[in-house]
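A.B. asks: Sharing a sequence plus its predicted fold:
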Amino acid sequence: MNVVVINASPRKKGNTAKLCKKVVDGAMDNGANVEFINLYSYDFKGCMSCFACHLKKNLKNPLCFWRDDLKEILKTCLKLMQ
């Protein structure tokens, strides 16, 4: 089993991060392959609603057109889903 845990809180050591760590520990204890991501360590803008990802009609590689650090996170998620 593959698990991606994303901490979307700007506080890397706050309550949300502590909760995420518990999820990571529990998943690893049950044999899961876990990828932990602190979202605020990356430089990204968020969705620009350009719909380029939809216009490509590429369902096997539905990545954002804009080049930022979020693309790497999306690639990681897609890889683990396969």
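C.D. replies: Structure received.

A.B. asks: where in this structure is pLDDT low?
C.D. replies: Scanning the chain for pLDDT under 70 picks out 56-62.

A.B. asks: switch to 90 and redo it
C.D. replies: Along the chain, the parts satisfying pLDDT under 90 run over 1-2, 12, 40-82.

A.B. asks: just the strands in it please.
C.D. replies: Applying DSSP state E to the chain gives strands spanning 2-7, 33-38.

A.B. asks: Could you provide those strands in TSV, with additional columns for distance to residue 74?
C.D. replies: (C-beta placed from N, C-alpha, C; glycine too.) Below are the strands of the chain laid out as TSV (distance: least, C-beta to C-beta, whole Å):
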stretch	distance to residue 74
strand 2-7	10
strand 33-38	11
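
A.B. asks: Out of those, flag the one nearest residue 48.
C.D. replies: Nearest of the strands of the chain to residue 48, taken as C-beta to C-beta: strand 2-7 at 19.9 Å.

A.B. asks: Okay, now the sheet partners of the closest one, with direction.
C.D. replies: Strand 2-7 sits in its sheet next to strand 33-38 (parallel), going by DSSP bridges.

A.B. asks: list the buried ones in the strand it pairs with?
C.D. replies: The neighbour-count check on strand 33-38 (16 or more other C-beta atoms under 10 Å) flags 34-38 as buried.

A.B. asks: Kindly report the same for stretch 25-45.
C.D. replies: By 16+ other C-beta under 10 Å, the buried positions in stretch 25-45 come out as 27, 34-38.
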